[in-house]
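# Predicted model follows, preceded by the sequence.
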Amino acid sequence: MSMGSQAPKQFDVKKIVIIGAGPSGLAAAKYLLAQKAFESVVIFEQQYEVGGVWNYSATASQTLHVPQVSVDCPPDPPLRPKDTPPVFPTPMYEVLHTNIPRSLMQFSDLPLPQDSLIFPSRQDVQAYLVKYAADIRHLIRFSTQVQDVRLRQDNGRDQWDVDVLSLETGEVDTTTYDAVVVASGHYSITYMPDVKNIAVFHAAHPGVVSHSKHYRTAEGFANKKVVAVGNAASGLDIASQISRVCKKPLLLSVRTATPKPSLEFSGGEEVPVIEEFLVDERGVRFQDGRVEKDIDAVIFATGYLFTFPFLTSLKPPLVTNGRRVYGVYKELFDIDHPTLAFPGLPIKVTPISMSETQGAIISRTWANLLPLPGPEEMRKWESEEAEKRGPSFHVWPKGGDIEYINAMHDWLMRSRTSGKEPPYWNEELVWQRQIFAEAKLKFEKEGQKAHSLAELGFEYRPQQDPDTAGGSAPAETLL
């Protein structure tokens, strides 16, 4: 993006719709309202409450696809408990704490309760998000599912016709908007690799294979022979819970080696990728030839696919295999139609601060305060980044969010544009970002009781070397 006070207006945005009332959608709404440049903002949320992925359901989804590699997989239908609104179960499980410390898990204008754990529980985060949403709750239409978003031109302007279904009345309503914020999250459509014989195995032994989206507690794995697939954060967390009750050892199937401290905490024995499911033996063969028979449970913590089931009419498609989103500049604005924005795409970042920073950029851009470059320049950026990043396009390098959040704050404040101030991380917050993984592991080992990093043995000492504070990359290199 470039600044220029004489630049002509790029946008004529008055009516905005936000899809999703999770952290990204809530933050976008607050920044758009604070800009005081738009006539209306509405949020559609299919759940009965805000929170997005943090909105816990004790009952897991009843839909399981084995295997599941398709972006065309339909979203899971809601559960309909008696006398309550429809519920769309998220991957949130019973005992879960954030991976990052409290100070990095909060919005810049609302602290988390200081008496909460240093790595807050899912219950505390959900209650916090409900509180954060209090002053914009009137904008949210709950139990309302976006079914289709269609683009059309009106005198050279992009217009978005949005069909929504009321899950309470069954009525469908269509309204036209000038801009759309897609904050629907990316924890809906599961990914489960098409391992040899997995479908036949599942048919012969229903209930053995599952996905981490369906995990809630370890009780169902007691005294069972278990294979857990995947060693990312949720995989290791779930494995550590199951390993306390299942037959020893839990087998942890991975592509890349697990750091020794994390592997020890998981209680698992590391094994290679599953090469083949063995139907008659109710077993598996790993890539090194090892065979394990009489397996009681295989839980895949293999993640999710990027999908936008309500945006299928856009050409070219936004997603192909679900591994990345195409045609999006700086992982935020649709290149061909920049009145369409996608906060929350980056992975391995601190999501709350990132949602605020992206909300600030979206609001100022649509208010014509931050001009976007032309389509060709944006496409060039995407092409160059794709070549550098490879298949893990949305996975940011270590410390990438530190540079981005602080550089964007400084740049936006220097530009003297109106609107809500985005977050800034001081040296202590940068330090917390750098040591969070080690601190979280100690928090788990010591019983999930600590209320401060100091209790875990982590004391902040101001850095003398400015390079350790995360750097200060020029904003133009980041945006």
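Nice, I can see it. Numbers count the residues shown, from 1 in each chain.
# Local confidence estimate at S418?
Per-residue pLDDT puts S418 at 80.
# and the gap between it and I405?
Distance from S418 to I405, counting by C-beta to C-beta, to the nearest Å: 20 Å. The C-beta positions use only the backbone N, C-alpha and C, and glycine is treated the same way.
# what about the two, which has more around it?
Using other C-beta atoms under 10 Å as the criterion, S418 and I405 rank with I405 on top: 26 against 12.
# counting contacts, what elements does the host helix or strand of that one pack onto?
Secondary structure assigned from DSSP states H and E places I405 in helix 400-414. Secondary-structure packing of helix 400-414 (3 or more C-beta pairs under 8 Å, 6 or more residues apart in numbering; DSSP states H and E): helix 351-366, helix 427-445, helix 475-478.
# buried stuff in that helix?
The neighbour-count check on helix 400-414 (16 or more other C-beta atoms under 10 Å) flags G400, D401, I402, E403, Y404, I405, N406, A407, M408, H409, W411, L412 as buried.
# where's the nearest residue to D115 once chain neighbours are set aside, which helix or strand?
Spatial nearest neighbour of D115, excluding adjacent residues (C-beta to C-beta, 6 or more residues apart in numbering): H451 at 6.9 Å. Here H451 sits in a region with no helix or strand, counting by DSSP H and E.
# Can you tell me how far H451 is from I140?
Applying C-beta to C-beta to H451 and I140 gives a distance of 32 Å.
# out of the helices and strands packed on helix 400-414, deepest packed?
Most buried of those by mean neighbour count (mean count of other C-beta atoms under 10 Å) is helix 351-366; its value is a mean of 26.
# ok, V162 - how many residues close by?
Neighbour count of V162, defined by other C-beta under 10 Å: 20.
# Residues in contact with stretch 170-178: which ones?
Residues from elsewhere that reach stretch 170-178, judged by C-beta atoms under 8 Å, 6 or more residues apart in numbering: 11-17, 147, 157-166, 339.
# And the buried ones among these, selectable in ChimeraX?
Command for ChimeraX that selects the buried part of these, burial taken from 16+ other C-beta under 10 Å:
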select :11,13,15,16,17,158,159,160,162,164,165,339
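# returning to what we had before: out of H451 and I140, which sits in the more crowded spot?
Taking other C-beta under 10 Å, H451 and I140 do not tie; I140 has more neighbours (19 against 14).
# just checking, that one touches V50?
Yes. Counting by C-beta atoms under 8 Å, I140 touches V50, with 6.9 Å between them.
# which neighbours do the two share?
With C-beta under 8 Å, 6+ apart as the test, I140 and V50 both reach A21, A133.
# still on that earlier bit, the contacts of stretch 170-178 in strands, which ones?
Under the assignment DSSP state E, the contacts of stretch 170-178 contribute 15-17, 147, 157-166 to strands.
# From the residues you listed, pick the one nearest W431.
I16 (36.9 Å; C-beta to C-beta).
# So for that closest one, what pLDDT did the model give?
We have a pLDDT of 98 for I16.
# hang on, it packs against W366?
Yes. Judged on C-beta under 8 Å, I16 makes contact with W366 at a distance of 7.5 Å.
# Could you tell me which residues touch both of the two?
Residues touching both I16 and W366 by C-beta under 8 Å, 6+ apart: L32, F38, A179.
# In strands, which of the residues you listed appear?
Per DSSP E, those map to strands at A179.
# related to what we said a few turns ago, tabulate the helices and strands packed on helix 400-414 (TSV), appending distance to D237.
Listed next are the helices and strands packed on helix 400-414 as TSV, based on distance: least, C-beta to C-beta, whole Å:
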stretch	distance to D237
helix 351-366	17
helix 427-445	8
helix 475-478	31
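# Those into CSV, with extra columns for distance to S212 and mean pLDDT?
Output for the helices and strands packed on helix 400-414, formatted as CSV (distance: least, C-beta to C-beta, whole Å; pLDDT from 0 to 100):
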stretch, distance to S212, mean pLDDT
helix 351-366, 18, 97
helix 427-445, 17, 97
helix 475-478, 32, 48
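# Quick one, which of these gets closest to K247.
Distance to K247, taken as C-beta to C-beta, is lowest for helix 427-445 among these, at 22.1 Å.
# And the closest one, what does it pack against?
Judged by 3+ C-beta pairs under 8 Å, 6+ apart, helix 427-445 is in contact with helix 260-266, helix 400-414.
# So which of these is nearest R80?
helix 260-266 (36.2 Å).
# just to revisit the earlier point, tell me which of the ones in strands among the contacts of stretch 170-178 is nearest to L251?
Nearest to L251, judged by C-beta to C-beta, of those is Q147 at 41.8 Å.
# Quick one: residues contacting that closest one.
Contacts of Q147 (C-beta under 8 Å, 6+ apart): D163, V164, L165, V172, F310.
# and the gap between it and Y187?
Distance from Q147 to Y187, counting by C-beta to C-beta: 20 Å.
# and what of P91?
Taken as C-beta to C-beta, the span from P91 to Y187 is 5 Å.
# More neighbours: those two, which one.
For P91 versus Y187, neighbours defined as other C-beta under 10 Å are more numerous around P91 (22 against 16).
# K131 is in contact with L110, correct?
Yes. In this structure L110 lies within contact range of K131 using C-beta under 8 Å: 7.0 Å.
# thinking again about what came up before, need the buried residues of helix 400-414 in a markdown table (columns: pLDDT and distance to K248).
As requested, the buried residues of helix 400-414 are exported to a markdown table (pLDDT from 0 to 100; distance: C-beta to C-beta, whole Å):
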| residue | pLDDT | distance to K248 |
| --- | --- | --- |
| G400 | 94 | 39 |
| D401 | 96 | 38 |
| I402 | 96 | 40 |
| E403 | 93 | 44 |
| Y404 | 95 | 43 |
| I405 | 96 | 43 |
| N406 | 95 | 46 |
| A407 | 93 | 48 |
| M408 | 93 | 48 |
| H409 | 94 | 49 |
| W411 | 87 | 53 |
| L412 | 89 | 53 |
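# what's the closest of those residues to A60?
Nearest to A60 among the buried residues of helix 400-414, counting by C-beta to C-beta, is D401 at 30.5 Å.
# Identify the residue nearest that closest one in space, chain neighbours excluded?
Using C-beta to C-beta, 6+ apart, the nearest residue to D401 is V349, at 3.9 Å.
# so what's that neighbour up against?
Applying C-beta under 8 Å, 6+ apart to V349 gives the contacts W396, G400, D401, Y404.
# Determine which two of those are furthest apart.
Farthest apart among the contacts of V349 by C-beta to C-beta are W396 and Y404. That separation is 8.0 Å.
# re the thing from before, now do the contacts for the residue nearest to D115.
D115, S116, L117, I118.
# now, which of those sits nearest K247?
L117 (31.1 Å).
# Is it correct that the closest one is in contact with D124?
Yes. With contacts counted by C-beta under 8 Å, L117 reaches D124, the gap being 7.3 Å.
# Report the separation between A60 and R102.
For A60 relative to R102 (C-beta to C-beta), the value is 28 Å.
# Of the two, which one has the most company?
Shown here are A60 and R102; by other C-beta under 10 Å, R102 has more neighbours (23 against 20).
# Identify the residue spatially nearest to that one, adjacent ones excluded.
Using C-beta to C-beta, 6+ apart, the closest residue to R102 is L112 (5.0 Å).
# Am I right that that neighbour sits in a helix?
No. Counting by DSSP: H, G, I helix; E, B strand; the rest coil, L112 falls outside a helix, being coil.
# So what's the residue count around it?
Residues near L112, counting by other C-beta under 10 Å, number 22.
# can you offset everything so residue one is 53?
Fine by me, first position is 53 from now on; the one you just mentioned is L164.
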